[in-house]
Every structure is written in C-alpha cells, then in structure tokens.
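Asker: predicted structure and sequence below. I'll ask about it afterward.
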Amino acid sequence: MRLPELRQLRYFVAVADELSFTAAARRLGIAQQSLSQQITVLERSLGARLLDRDSRGTRLTDLGRQFLPEAKAVLDRAEQAVTTLARAGRGEVGELTVAFLASTANYLLPPVVRAFRERYPDVRLTTEDTSVATLVDGLRDGRYDAAFSRPPLVDGLAARTLAVEEVCAVLPEGHPLADRASLTLADLADEPWVLTERGSWPPWHRKYDEDFRRAGYEPNVVQRAGSVQNLLGLVAAGVGVSRLARSAHSLRRTGVVFVPLAGEQASTQVLWLPDADKPALRRLLEVVTELAARTDLTQSG
C-alpha cells in the first residue's frame, strides 16, 4: 500500500460528494478521463475498490463509505496546516517570551500585554519580571524574544525608545526641600543617599557616578537597596534621599515626595536582537510603537 497524494484524495471526495464523474470533473475543472485515471491509481495504491461504476451510476462501496470521512479529515488538516503556516508567517500565531525590567513592569506591562493580546489572541505571550543582567543575557541566548528596560545597556541589541520621562529627587514627606518645584543634584550634596546595589547593573552605576561628579560631589550613601520598592520604603522611613524616574511613584504613593531634577530624563526602550526573524516579534514591535505614539506609557500603570 502506498500513501495517496492529497490531489487524489480531493478527487475521490469530489466524486463521492457528486456521485457523478461528470459533475465531479466539472467541479474540479479537469477532464473526466484524467479524473477517472486518478481514481483508478488511488484504488490500486490502496488495494481497495472505493467506487462502483456501472450503467446505473456511481456509488460508494462499503470501504469507500468508511474511507470518505478519513479522506475529508486529511484534506481539512492539510488546509488547516497551510492556513496556520500563512498566519504564522504574518505573525498572527506563535509564541513570544518577553522580559520586563522590574522597575518598568508596574506601568508598562499592563498596557503592552493587553494591546497585543487584543490584536493577536492566538500568539502565546509569556512575560517575565527580571533583573537587567538576566534580561540582557536572556536576549543574547534566545530565552527572550524582546525586553523592556532602560539604557544604558550593551552594544549588539536593537533598541527603540518608547517613553521619556522626568528623573526626580525622591524625598521623605516633610523634607525641607519637598515643596520645591524642581531641584538639581547639587542641591542634595549634603543629604544622606539611598541607592540600589552597585552590582545590579554596572553601566547604570557608572552613569550615576558621572552625574554626581558633574554635580561636584560624591554622594554619602548610607544604605543600598535590592529593589526599587525597598529603596522607596527606606526613603519613606527617613533613612535618606534618592533619585528615580517619575513613574516609580506608582510603586509607593505615601511617605515620599517626587521633585523633578532639572534637565534630567529617563527613557524606556524595547530591545531585541537585530537579526531576529520571528514574525510575531515584528507584530509586537508594531503594537508597542503604535501604543507609545498615542499614549504616555509611563502613566499607564
């Protein structure tokens, strides 16, 4: 027994539906002789007679009646496979794993995930809230298809800026400078500072060091925090002051005051490997770019 061709199955189904070689040939747009020859080849390859043909017409044999739903199922599955392939090529089905930096996930994850799933419900989108070092490694080794973070990062990643926001001094409520419209780093030279752990991402801390040097001092760091949430808690407790992007205010509404630092800004970027060729990734980039163009993503949380 030899496996039949899809074309032969399609011919058999047409004849079985019409119970007429003439009508089936017309439906298929082929010559009746070619149709009859292909049905004969199919029956020989299967070692079974599927159709009875005589002067009274065309009828399915018992084997033909059993074979018909199976043939239709194979054709349906083949059509489904072609449709799925086409949809995958357009990025409408598939899988994506996306990393969010912990400090951006609070405000960025909900609108991005919601918008993408509404437009592409058949793409399985998995998200991970992670550290920047894990995020970068995950992009490089293929664990993540895309990521949302803040610069500076590393060379070799494609990046698109989605949002730009103010950087603020974070002060405990009641601080003498809390009612100022804006501040500079130089205004905070005599304050105790609470900053994130230095090992969290060296490029960030090198930039911090450069900013403080330009302001003319080295900060008196009294404590370091392992997360933005812990940092905000320490500031609220009066341990010291800090500096964060304004969107971090959504993580703690009480006990702290955010005062803009004049001229300082922070950006949020979507990152991916330049040679990535996943169609669903292209759709994600389109969605987040459109979303960023019409809304302030830093205010979406």
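Answerer: Everything's here; your move.
Asker: rest of the way, CA atoms for contacts and neighbours
Answerer: Will do.
Asker: which residues in this structure form helices?
Answerer: According to DSSP state H, the chain carries its helices in the segments 6-18, 21-28, 32-46, 62-89, 102-119, 132-141, 202-215, 228-236, 279-294.
Asker: so which of these is nearest Arg53?
Answerer: Ranking the helices of the chain by proximity to Arg53 (Cα to Cα) places helix 21-28 first, at 9.4 Å.
Asker: residues in contact with the closest one?
Answerer: Here helix 21-28 makes contact (Cα atoms under 8 Å, 6 or more residues apart in numbering) with 11, 14-15, 18, 31-32, 35-36, 58.
Asker: repeat the analysis, applying 7 Å as the threshold.
Answerer: Helix 21-28 is contacted from outside by 14-15, 18, 31-32, 35, using Cα atoms under 7 Å, 6 or more residues apart in numbering.
Asker: and it, what's its mean pLDDT?
Answerer: Averaged across helix 21-28, pLDDT comes to 94.
Asker: what's the answer for stretch 156-171, then?
Answerer: Averaging pLDDT along stretch 156-171 gives 93.
Asker: run the chain-centre distance for that stretch.
Answerer: Computed by Cα atoms, centre = their mean, to the nearest Å, the separation of stretch 156-171 from the middle of its chain amounts to 20 Å.
Asker: CA atoms only: put that stretch into CSV for me.
Answerer: Output in CSV follows, covering the C-alpha atoms of stretch 156-171 (Å, rounded to 0.1, in the frame of the first residue of the first chain):
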residue,chain,number,x,y,z
GLY,A,156,24.7,44.4,19.9
LEU,A,157,21.0,44.9,20.8
ALA,A,158,18.4,46.7,18.7
ALA,A,159,16.5,49.3,20.7
ARG,A,160,13.5,51.6,20.2
THR,A,161,12.6,54.3,22.6
LEU,A,162,9.0,54.2,23.8
ALA,A,163,8.8,56.8,26.5
VAL,A,164,10.8,59.6,28.0
GLU,A,165,10.1,60.9,31.5
GLU,A,166,11.4,63.2,34.2
VAL,A,167,14.0,61.9,36.7
CYS,A,168,13.1,63.1,40.2
ALA,A,169,14.7,63.5,43.6
VAL,A,170,12.8,61.2,46.0
LEU,A,171,12.5,62.8,49.4
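Asker: in that stretch, what's buried?
Answerer: Of the residues in stretch 156-171, those with enough neighbours to count as buried (16 or more other Cα atoms under 10 Å) are 159, 161-163, 165-171.
Asker: which residues does Phe120 contact?
Answerer: Careful, residue 120 is Tyr; it's not Phe. With contacts defined as Cα under 7 Å, 6+ apart, Tyr120 is in contact with Glu92.
Asker: also Leu75?
Answerer: With Cα under 7 Å, 6+ apart, Leu75 has these contacts: Leu6.
Asker: got it, and Leu135?
Answerer: Leu135 touches 99, 147, counting by Cα under 7 Å, 6+ apart.
Asker: quick check, pLDDT for it.
Answerer: Looking at Leu135, its pLDDT reads 90.
Asker: and Met1, by the same measure?
Answerer: Among the per-residue scores, Met1 shows a pLDDT of 69.
Asker: perfect, I'm done here.
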